[in-house]
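**Q** Can you look at this prediction? I've put the sequence above it.
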Number of protein chains: 2
Amino acid sequence: MDQTLTVSVQDYLKHIYELTKNGENASTNALAERLAVRPASVTVMVQKLATSDPALVEYQKHQGVTLTEEGRKAALEVIRHHRLLETWLVRSLGYSWDEVHEDAERLEHAISEDFERRIAADMGNPSRDPHGEFIPSADLSMPLDDSVSLSTLRPNQTVKLLSVRGAGSKLLRHLESLGLVPGTQMEILEYSPFDHNLTIKAGRKSAILGPEVTSKIFVQVL
Amino acid sequence: MDQTLTVSVQDYLKHIYELTKNGENASTNALAERLAVRPASVTVMVQKLATSDPALVEYQKHQGVTLTEEGRKAALEVIRHHRLLETWLVRSLGYSWDEVHEDAERLEHAISEDFERRIAADMGNPSRDPHGEFIPSADLSMPLDDSVSLSTLRPNQTVKLLSVRGAGSKLLRHLESLGLVPGTQMEILEYSPFDHNLTIKAGRKSAILGPEVTSKIFVQVL
DNA sequence: AATCATAATTAGATAGGACTAAATTTATCT
DNA sequence: AGATAAATTTAGTCCTATCTAATTATGATT
């Protein structure tokens, strides 16, 4: 709740949140890569976050970090800002889903709680962002996510695309051109065990997607 | 044009611009006060700005600073951001003119050129912000300002309010309650040479305004 | 258990931007 | 002109967040 968190700290917390969603600890190296920073810098920062008052992370040497409750709240606040902003850039300023990330990345640290409330209210408190990810609610609770990665599924299933996670602009544009956006229903037609390609059909378009792609698409099995 | 200018540098340039509009040099103390920073810090920063490549200010010890052409461009870019944001917070998010300053102050450093273009286009490239100040154009030219301070005028003149400059939230709300917003026409009825109060009438409301107030109101004589 | 690669940590340096305290200029006033 | 006040600058310190280089753990392998 401390609005005195620096931009760097906010970024660390956000990425620790993402890396620990699955229940694992966030490793120094993984964090360093996401933050585009050297591992040594991560170690130092993480030590600070662990010994600050209140502590924002729990840290055991060589064991990586997890968020404390305080840290989790702060992380969700940043993520809420980010996803509300992405949604709002698309809805109000005509950005496409592949254009929003960088701008949201900088704005998330600059908006006030008032601004947050206003855009959220203006959009009717949306629950998902343009990529289909859940937006933490105003009280910082996060719905549980029961989507599964398309890469884990096999033929003869009908699924609904819920979200696309970790895709760059180019891939996002490509997916959009195939009609693969959140909400789209699709069928899995074929699976190739050699290269893990999946053939899918959405509407009248079909496509063969490699594991680099299917691992980033999250769906609900119908 | 260097998008590598830090937030601090952008703030320095913005305030130097404001302080040197009239042709004078910006003094160390005046800058320190505006930036809420100690004079010693200003001296050091100003030395850096003067010796950077390209130089952003011209600086002579004990003589204050002025902007170089590079510095002026950078300052106008920041001011354009600020004023576009204020305008857009009012028009699109329902802020009132007394609520926009702080949010715009932080956002001005966080928006992309793309974002700038989009909100500007969305609003039809406005030329004035909610306080009536000119918004520098996309090519960073600034219209010349021929408004005069209300405090310099005397009775029996009809004027149009163009802008309110340097007023805090409380004063802005007060002025709005008197109908004294940009565009309003008013008559000067009386002048008190002792306390420099002016009695003015706008529509059916009239008010007696002290020099603290009239000095912040800029008008065009009709 | 000894070895080796990988991951992580420590130590020390750097850069930006602020501060305080002390020294110096400039301006002002008899 | 001399004295003092005000403004400015210098010198040195601190804090945040990064880096490189060197060191130490951990874990996998033989």
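**A** Alright, I've got the coordinates. Numbering: from 1, shown residues only, chains lettered A, B, ... in the order given.
**Q** near DNA strand D, which residues of chain A?
**A** Within chain A, the positions near DNA strand D by Cβ under 7 Å from any atom of the strand are A:6-9, A:35-38, A:40-41, A:44-45, A:48, A:61-62. The way it works is simple: take the backbone N, C-alpha and C, and place the C-beta from them, glycine included.
**Q** now, the most widely separated pair of the residues you listed?
**A** Pairwise distances across those (Cβ to Cβ) peak at 27.6 Å, for the pair A:V7 and A:H62.
**Q** Now do the same for A:D2: its pLDDT.
**A** If you check A:D2, the pLDDT there is 50.
**Q** contacts for stretch A:177-190?
**A** The contact list for stretch A:177-190 (Cβ atoms under 8 Å, 6 or more residues apart in numbering or on different chains) reads A:97, A:128, A:130-132, A:150, A:153-164, A:175, A:197-203, A:205-208, A:217, A:219, A:222.
**Q** Turn the buried ones among the residues you listed into a named ChimeraX selection, would you?
**A** Only the buried entries of the contacts of stretch A:177-190 go into this ChimeraX selection, using 16 or more other Cβ atoms under 10 Å in any protein chain shown:
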select /A:97,128,130,131,132,150,153,159,161,162,163,164,175,197,198,200,202,207,217,219
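**Q** Which of the contacts of stretch A:177-190 fall in strands?
**A** A:157-164, A:197-202, A:205-208, A:217, A:219 (DSSP state E).
**Q** Show me which of the residues of chain A next to DNA strand D are buried.
**A** Buried residues within these, counting neighbours by 16+ other Cβ under 10 Å: A:V9, A:L35, A:M45.
**Q** would TSV of those with pLDDT, distance to DNA strand C and secondary structure be doable?
**A** Shown next, in TSV, are those (pLDDT from 0 to 100; distance: Cβ to the nearest atom of the strand, whole Å; DSSP: H, G, I helix; E, B strand; the rest coil):
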residue	pLDDT	distance to DNA strand C	secondary structure
A:V9	98	15	helix
A:L35	97	13	helix
A:M45	98	10	helix
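**Q** quick one: which of those residues is nearest chain B?
**A** Chain B has its nearest neighbour among these in A:V9, at 16.3 Å by Cβ to the nearest Cβ.
**Q** can you list the weak-confidence ranges in chain A?
**A** Within chain A, the stretches with pLDDT under 70 are A:1-3.
**Q** what about the strands in it?
**A** Using DSSP E, strands in chain A cover A:57-59, A:65-67, A:148-149, A:157-164, A:185-192, A:197-202, A:205-209, A:217-221.
**Q** Which among the ones you listed is found nearest to B:D145?
**A** strand A:157-164 (49.4 Å).
**Q** what separates stretch A:158-168 from the chain centre, distance-wise?
**A** Chain-centre distance of stretch A:158-168: 11 Å, with Cα atoms, centre = their mean, to the nearest Å.
**Q** Stretch A:127-143 too?
**A** Centroid separation between stretch A:127-143 and its chain, computed with Cα atoms, centre = their mean, is 10 Å.
**Q** got the end-to-end distance for it?
**A** 9 Å (Cα to Cα, to the nearest Å).
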